[in-house]
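*Asks:* give me a 3D structure for the following:
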Amino acid sequence: MGKPNAYDDIPGTTVFDAQRLHQGYHLNMFCMSLMKAENRETFKANERAYLDRWPMTEEQKQAVLDRDWNGMIDRGGNIYYLAKLFFTDQKSFQYVAAIMTGSTQEEYAAMMLKGGRRPEGNRYKKEWKKKRG
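*Replies:* This is a model prediction of the structure:
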């Protein structure tokens, strides 16, 4: 993406900075286009054709098609822009957050009612890579 930053390895966090803004610009503008009903209809009729109108990377387009929410974040997506896509899919913020955290919607809701995710067990990204091999 660009020059590494000290905050790139914060456990469970992707900082949306100027580099990510630039990386995800077209992905996020695609999501913003879904604010118009006619664009949502066109997108739902042929997702790939609609995505091909945007100069996104193939990885960004595939993440959208797969509804890989974390993949979209990794490729410069901002959760507040991505919300337009999951609302287009008639999914709630809670539903998508549960998927992104690897839990069910019920587990995610219960966690949030208890005050949110605890830091215990979080790993730095470099530790996850080691653990996964």
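
*Asks:* ok, and what's touching stretch 19-27?
*Replies:* With contact meaning Cβ atoms under 8 Å, 6 or more residues apart in numbering, stretch 19-27 is reached by 1-3, 5, 14, 54-56, 60, 64, 72, 75-78, 81. Yep, even glycine has a C-beta here, placed from its N, CA and C like the rest.

*Asks:* give me the buried subset of the residues you listed.
*Replies:* Among the contacts of stretch 19-27, those classed as buried by neighbour count (16 or more other Cβ atoms under 10 Å) are Thr14, Trp54, Met56, Gln60, Val64, Met72, Arg75, Gly76, Gly77, Asn78, Tyr81.

*Asks:* helix or strand for Leu82, which one?
*Replies:* Under the criterion of DSSP states H and E, Leu82 resides in helix 79-88.

*Asks:* before we move on, the earlier item: so which of the contacts of stretch 19-27 sits lowest on pLDDT?
*Replies:* Within these, pLDDT reaches its minimum at Met1, with 56.

*Asks:* what is the neighbour count of the nearest residue to Met56 once chain neighbours are set aside?
*Replies:* Among residues not flanking Met56 along the chain, His26 sits closest, at 4.7 Å (Cβ to Cβ, 6 or more residues apart in numbering). For His26, the count of nearby residues is 17 (other Cβ atoms under 10 Å).

*Asks:* kindly export whichever helix or strand His26 is part of (C-alpha atoms) in CSV.
*Replies:* Taking DSSP H and E as the definition, one finds His26 inside helix 25-33. Extracted in CSV, the C-alpha atoms of helix 25-33 (Å, rounded to 0.1, in the frame of the first residue of the first chain):
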residue,chain,number,x,y,z
TYR,A,25,-11.4,6.1,-3.1
HIS,A,26,-13.2,4.3,-6.0
LEU,A,27,-14.5,1.5,-3.7
ASN,A,28,-16.0,4.1,-1.4
MET,A,29,-17.4,6.2,-4.2
PHE,A,30,-19.1,3.0,-5.6
CYS,A,31,-20.6,2.6,-2.2
MET,A,32,-21.8,6.2,-2.1
SER,A,33,-23.5,5.7,-5.5
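
*Asks:* cool, thanks, signing off.
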